[in-house]
Every structure is written in structure tokens, then in C-alpha cells.
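In: Have a look at this fold, sequence not included:
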């Protein structure tokens, strides 16, 4: 039973998370003006079809607006927090070139992303146990080589509390 | 914690004007792309904002950029008009700077170029008839 639609791979989480354009925090609005016909707009159309879902998935707080057939030339426009506007002409460019270009001018660099990743890792200590939301593992019994969970494999007599208490009482 | 601008989350937004019946206020519809959790497809979700427009220069159908005000102006108005991005009926292509409509430029047109030979002869004949001759009296 195949997925419905023209390129249904665009609607998979794996495809969406493969987007590598993550905008800097100063980018607030992205506007794409393109035309539905014409060779010059071909790259822009492919960009809207394939790459916009990836970008919006990675940047949920950036407002993206699409305008069709308003001007003869296709372009992208970014509105930054400082009031600055960045105009990107995408006439006669392929969608890959467009994504590379905006990644270079307004995307977070790899170093920034790695630094943020490290900061996030610092917050959680990997050697603690607890609920899955906050820790890696819930109990010591999950680790190979440790005593297995008594819910599945009964503990040997010597480790059980009632045996130990009985031995203490005897002595 | 100081809030230098925006008691509201959205600092800069782009939307379309849908109503100007209020005095010095524009009703703006803003669309954002929201992911449907089951279909995993993005759909436009609309929200209306009210923006302060002191000169009442917005017409219904304009695309405008709104800026968040430092504090709320009234119960609903939290933004003001920063600039009109595209004026309806008068769109200027930002790359060339020329007025355009749809996918064609408006500046290029000039009447004399589109006329054929037959048209020019017909028009010149008409012009001859219109010429007032002083001897006719």
C-alpha cells in the first residue's frame, strides 16, 4: 500500500529532519515570491515543493509566507529582528543552490550548532537513573552484566531480604 | 527581567489587510505553516491581528509588515504598521524596481508599439478629418 501523493517522501519525519538549514535567532519572517509558470521560476518552485517543509520543520518559530504570481521575477525576502530586510534573487537558480545560499547567509554555522548541542548535553547527567523524559535509563537492571530485573528473573535466595533477615535472626 | 519590546511573542509579522473599517486600525490576517501530526503536511493556519495605522494608508488587500509595540496600545492592538510590502494594484518588483502586475511589467507598454500598419493609416485619416481648415467657412 504506497503512500498517497506526488512525492510522499516529503511527508516523512526522516525527510523533514534531514533539513540542514537552521536560521539564526534574528530571522523572524521568510517570504517567498515565485511564479507558477516559466523556466526562470523552476528552481524556486522546486524549492517551495521540496525544501520549505524541511525548513519550517527545523525552524518552527519562523513565519513563512508564499506569494504566487505577484511579480515577474522570483525572490526570497527575510525580515530580521533588527528591522533589516534581506532580499535574495533566485531567478535561474536550482533549489539546491538556493538552500546552499541561504544556509550560508542566514543559517547557523556548524560550530554554533555543535556548541548548542554540547550545552544541551551538559544539562542532563548521563549516569543518573529515572523517568525516560529526563534520564537515559530507568533502572540498573537494564544494563547488561548487572543483576537482572526480579520481575523477569527471580533473585537468588542469598540476595532476598527475607532470607537475609532469617539468617540474621538465626545467628 | 526587562522586556525591551513586545509584551507579545510575535515581534515582526507579515500579513494581508482584511479590514480597515476601524479608525486608525487595520485588521490583518497572518498565516503560518503548521504541521498536521498525522498527515505530516504543512497547512496554513490563520490568525487575525489588529495593527495601529495612524495615517490610515492601508487598503483591503495590501500585504503589510507589522512590528510589535513595546506595550499594548489597547485591549487588542499590540502591533503597529511598519511598512506596506506590496500595495494592492500597485506592486513594485523589488529586484528591478519597476511596477508590475502578475507576471508582466507595466512600464514596458506603450501604445504606439502595439499598433499595426492598418491602425496607423486609419488613425492618420481620422486626424486629417479633424483638422480645422479656416477656408471652409
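Out: Arrived safely. Just so you know, these numbers come straight off a predicted model, no measurement behind them. Numbering: from 1, shown residues only, chains lettered A, B, ... in the order given.

In: in the chain, which spans are strands?
Out: As the question left the chain open, I've gone with chain A. A:27-34, A:63-68, A:75-80, A:85-89 (DSSP state E).

In: wrong one, chain B
Out: B:12-19, B:25-35, B:42-52, B:63-68, B:77-86, B:91-92, B:99-101, B:104-105.

In: Can you redo these as CSV, where the extra columns are distance to residue A:77?
Out: For every residue, glycine as well, the C-beta is placed using N, CA and C. Listed next are those as CSV, based on distance: least, C-beta to C-beta, whole Å:
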stretch, distance to residue A:77
strand B:12-19, 9
strand B:25-35, 16
strand B:42-52, 18
strand B:63-68, 10
strand B:77-86, 8
strand B:91-92, 13
strand B:99-101, 15
strand B:104-105, 19
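
In: Tell me, domain by domain, which residues of chain A belong where.
Out: A:8-109, A:125-170 (the TED database).

In: Would you mind measuring from residue A:167 to chain B?
Out: 57 Å (C-beta to the nearest C-beta, to the nearest Å).

In: residues near that residue, how many?
Out: 10 (other C-beta atoms under 10 Å in any protein chain shown).

In: Please enumerate the helices of chain A.
Out: A:13-17, A:42-46, A:52-58, A:95-106, A:110-123, A:161-170 (DSSP state H).

In: Is the second one positioned near chain B?
Out: No. Helix A:42-46 is not in contact with chain B by C-beta under 8 Å from any C-beta of the partner chain; minimum separation 12.5 Å.

In: so for that helix, what's the average pLDDT?
Out: Helix A:42-46 carries an average pLDDT of 94.

In: so what does it touch, helix or strand wise?
Out: Contact here means 3 or more C-beta pairs under 8 Å, 6 or more residues apart in numbering or on different chains; DSSP states H and E; on that basis helix A:42-46 packs against strand A:27-34, helix A:95-106.

In: would you turn the ones you listed into a markdown table with mean pLDDT?
Out: Below are these laid out as a markdown table (pLDDT from 0 to 100):
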| stretch | mean pLDDT |
| --- | --- |
| strand A:27-34 | 95 |
| helix A:95-106 | 93 |
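
In: most tightly surrounded among these?
Out: strand A:27-34 (a mean of 23; mean count of other C-beta atoms under 10 Å in any protein chain shown).

In: Of all the helices of chain A, which one comes closest to residue B:61?
Out: Nearest to residue B:61 among the helices of chain A is helix A:42-46 (23.3 Å), distances taken as C-beta to C-beta.

In: What residues sit buried inside that closest one?
Out: A:42-46 (16 or more other C-beta atoms under 10 Å in any protein chain shown).

In: So which residues on chain B come close to chain A?
Out: So chain B meets chain A at B:10-14, B:30-33, B:35, B:39-42, B:63, B:65, B:67, B:82, B:85-86, B:91, B:93-96, B:100, B:102-105 (C-beta under 8 Å from any C-beta).

In: Which residues of chain A lie near chain B?
Out: A:11-13, A:16, A:28-29, A:31, A:35, A:37-38, A:52-53, A:56-57, A:63-65, A:67, A:69-73, A:75, A:77, A:79, A:81, A:83, A:87, A:89, A:91.

In: Report the buried members of those.
Out: In the residues of chain A next to chain B, the ones that pass as buried (16+ other C-beta under 10 Å) are A:11, A:16, A:28-29, A:31, A:35, A:38, A:52-53, A:56-57, A:63-65, A:67, A:70-73, A:75, A:77, A:79, A:91.
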